[in-house]
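Colleague: sharing a model that was predicted from the sequence below.
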Amino acid sequence: MTAPVPLTFSAWRDGPPKRYVTLAELLLRMGEFALELTWTVEVYEEGVHPELERAAALGRIGTLELLALVAPARQLVDGDYDGYDAGGRLVLELQEFDGTSWDLRTAEPLVLDAVRRWFPDAEPSPPGAWDE
């Protein structure tokens, strides 16, 4: 198995207008690959995103269910979103840090190519970004 590649990129895009990259946009930019995953959700701010807290309590949910919970324009602040394939393998990890950046880790070339194409500022994640 190929080792996962960690990337980081700004959650904000220059404009006009300046805009925020939402979880919904990020999932859609990954295309069919992301649609076939199930997700675990972990949020770090109690009471801010009750719908995501409910998703976290459910265990794994499908991508379409997750998309239904995160309004297209909703900015999240801190959270971890882990994507699993049909065989139950962790294949995609997303972290949002402080509402300013996204960190992504995967070995899937299609996802890495899409992220680099849509978010050209993507670069290797800084040391410590994936400390457990």
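Modeller: Great, that's in hand. Numbering: from 1, shown residues only.
Colleague: same question for stretch 106-113: list its buried residues.
Modeller: For stretch 106-113, burial by neighbour count (16 or more other C-beta atoms under 10 Å) applies to T106, E108, V111, L112. Where C-beta positions appear, they are placed from N, C-alpha and C, glycine not excepted.
Colleague: what about the nearest residue to the first one once chain neighbours are set aside, how many residues nearby?
Modeller: It refers to T106. Of all residues not flanking T106 in the chain, L92 sits nearest, at 4.5 Å (C-beta to C-beta, 6 or more residues apart in numbering). Neighbour count for L92, taken as other C-beta atoms under 10 Å: 22.
Colleague: cool, and G99?
Modeller: G99 has 12 nearby residues by other C-beta under 10 Å.
Colleague: measure it to G79 for me?
Modeller: Plainly put, G99 is 10 Å away from G79 if you go by C-beta to C-beta, to the nearest Å.
Colleague: and if you look at L23?
Modeller: Distance from L23 to G79, by C-beta to C-beta: 8 Å.
Colleague: same check on L58?
Modeller: Separation of L58 from G79 (C-beta to C-beta) stands at 15 Å.
Colleague: more neighbours, those two?
Modeller: G79 (20 against 11).
Colleague: isn't the more buried one up against Q95?
Modeller: Yes. G79 is within contact range of Q95, at 7.4 Å (criterion: C-beta atoms under 8 Å).
Colleague: ok, which stretches of the chain are helices?
Modeller: 23-29, 32-35, 50-58, 63-69, 109-118 (DSSP state H).
Colleague: so of those, which one's packed in deepest?
Modeller: The highest average neighbour count among the helices of the chain, using mean count of other C-beta atoms under 10 Å, belongs to helix 23-29 at a mean of 19.
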